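*Asks:* dropping the sequence and predicted coords here.
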Amino acid sequence: MAVRHQLIRRPPSAVWAILADPTRYGDWVVGPSESIPLDPSWPEVGARLRYTLRLGPWSAEGVTTVRHRETGRELELEAAFKAFGTARIFLQLRPWGEETLVICDEHPLRGLGGALHNSASEALLQLRHRGMLSRLAKVVEGSGAAETDGAATGPGRTAQGGSSHGGTSRGGKARGGGPRHA
């Protein structure tokens with residue numbers, strides 16, 4: 001299993017506010033160029049979002065479904081991409097003083113990805129997680145996400161009621177600095 005962690009210099013509520021906004025996934029997840037909520041109840045169990053992967057002129061869509069959640073602490077997703085099957089992505093938020101230790105655990109679950117899973121694909125997942133968690137830190141640390149113990153109130157809304165992002169995500173380009181790992 002590809003397990004990686006990242007220390008984010010904001011409290012868990014600020015990290016959760018970004019995780020609870022399905023329109024922000026393209027800003028921090030490596031791969032998707034945009035994400036669109038299919039259900040207004042994200043991140044409730046069963047809620048889905050559609051994402052688009054782009055590589056040059058080629059693009060394809062996939063769907064991510066929430067399988068488990070503990071508000072402010074854990075989010076477990078199943079990402080489905082037709083050609084490769086599905087993957088389980090588990091994000092855990094641990095208070096670390098006034099900061100948050102984010103632990104990401106991902107592995108292939110069904111289909112071709114699971115059948116072809118090996119040490120080389122594990123190494124690629126580690127590289128993906130390094131970029132993804134670094135991007136998440138930049139998005140959270142650079143946003144006005146809630147710093148109270150509240151949770152997001154719906155797509156694009158922070159716990160304090162303000163808008164954290166308008167519309168679909170803009171492509172997940174990392175801005176400045178390198179990854180910080182605990």
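*Replies:* Cool, got the structure. Residues are numbered from 1 along each chain as shown.
*Asks:* thought S59 was touching T52?
*Replies:* Yes: under the criterion of C-beta atoms under 8 Å, S59 makes contact with T52 at 5.7 Å. In this view, the C-beta of every residue, glycine as well, is placed from N, C-alpha and C.
*Asks:* which of the two has more neighbours?
*Replies:* Between S59 and T52, counted using other C-beta atoms under 10 Å, T52 has the larger neighbour count: 18 against 11.
*Asks:* wait, is that one part of a strand?
*Replies:* Yes: residue state for T52 (DSSP: H, G, I helix; E, B strand; the rest coil) corresponds to a strand.
*Asks:* let me see the ranges of the helices in this structure.
*Replies:* Ranges of helices within the chain are 12-19, 25-28, 112-115, 119-142, based on DSSP state H.
*Asks:* comparing these by mean pLDDT, which bottoms out?
*Replies:* If you rank the helices of the chain by mean pLDDT, helix 112-115 sits at the bottom with a mean of 62.
*Asks:* partner residues bridging W96?
*Replies:* E99 (DSSP bridges).
*Asks:* contact partners for R54?
*Replies:* R54 is in contact with S33, counting by C-beta atoms under 8 Å, 6 or more residues apart in numbering.
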